[in-house]
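**Q** Generate coordinates for the sequence data below:
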Amino acid sequence: MSRVAIRYSKALFELALEQELIEDVRSDLEMIQDVCTENPEFQQTLNNPLIEEKVKSKVLKELFETKVTPLTFKFLQLLSRKRRSGFLLEMIDNYLQRVLDHQGILSCLLISSGPVETDQIEAIKSRIEAMTDKSVIFSHQIDNSMIGGFIVKIKDTVIDLSIKTQLEKMRRQLLHR
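**A** Numbers count the residues shown, from 1 in each chain. Prediction:
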């Protein structure tokens, strides 16, 4: 994540906290994120340095002025003026992570070779909650290239309990004896 995205999203979060608009801004940003995801042309417009900022500002105004809080709209306009619109999705991701941190919630990604039983997810969740003293929410991703086992990603930490990694560890141990 870029320092620009971190700085801007931190400033937005602090203003939202001060004005008691954290959830309203979160909702706005999720809607904007959906627009970017559903309309790649819109995201390309924001990222294109050849398109004048006046044009980007006009597009943002037409799309969002009446649909988001004034704080969010001012933020979008600031990004346009400062030529930072290309960092918008990174800023949204960082803001959403700040909201979860503020609420004491840890977002984790569980990667497995196939579907995982609910009781297995709950067991993993309980262990992580005990380790971190935070509530945990999981998103699940299936990676067909995995043989078995699972990987849990928590921010910058990776817990790799995949069969491939376990076999590699065993191979290294056997070679070093």
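**Q** and stretch 3-17, which residues are buried?
**A** Buried residues in stretch 3-17, counted by 16 or more other C-beta atoms under 10 Å: 5, 8-9, 12-13, 16. Glycine gets a C-beta too; all of them are placed from N, C-alpha and C.
**Q** could the residues you listed be laid out in JSON lines, adding pLDDT and distance to residue 22?
**A** What follows is the buried residues of stretch 3-17, written out as JSON lines (pLDDT from 0 to 100; distance: C-beta to C-beta, whole Å):
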{"residue": "5", "pLDDT": "89", "distance to residue 22": "18"}
{"residue": "8", "pLDDT": "93", "distance to residue 22": "16"}
{"residue": "9", "pLDDT": "94", "distance to residue 22": "12"}
{"residue": "12", "pLDDT": "95", "distance to residue 22": "10"}
{"residue": "13", "pLDDT": "96", "distance to residue 22": "7"}
{"residue": "16", "pLDDT": "96", "distance to residue 22": "5"}
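**Q** What about the residues you listed, which are in helices?
**A** Taking DSSP state H, the ones among these that sit in helices are 5, 8-9, 12-13, 16.
**Q** Just name the closest of these to residue 39, please.
**A** Of all these, residue 39 sits closest to residue 5, with 20.4 Å by C-beta to C-beta.
**Q** Contacts only, for residue 56.
**A** By C-beta atoms under 8 Å, 6 or more residues apart in numbering, residue 56 lies in contact with 45-46, 80, 85.
**Q** likewise residue 135?
**A** 103-106, 129.
**Q** Domain ranges for the chain, per the record?
**A** Under the assignment automatic domain parsing, the domains of the chain span 3-101, 104-175.
**Q** Just name the most buried of those.
**A** Most buried of the domains of the chain, by mean neighbour count (mean count of other C-beta atoms under 10 Å): domain 3-101, with a mean of 16.
**Q** any chance of the contacts of residue 56 in a markdown table, with pLDDT too?
**A** Putting the contacts of residue 56 into a markdown table (pLDDT from 0 to 100) gives the following:
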| residue | pLDDT |
| --- | --- |
| 45 | 84 |
| 46 | 82 |
| 80 | 85 |
| 85 | 84 |
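**Q** of all those, which comes closest to residue 123?
**A** The shortest approach to residue 123 among the contacts of residue 56 belongs to residue 46, at 42.1 Å (C-beta to C-beta).
**Q** Tell me if I am right that residue 131 is in a helix.
**A** Yes - judged by DSSP: H, G, I helix; E, B strand; the rest coil, residue 131 forms part of a helix.
**Q** Distance check, it against residue 159.
**A** Noted for residue 131: a distance of 10 Å to residue 159, by C-beta to C-beta, to the nearest Å.
**Q** now do residue 114
**A** From residue 114 to residue 159 the distance is 18 Å (C-beta to C-beta).
**Q** Kindly report the same for residue 82.
**A** 38 Å.
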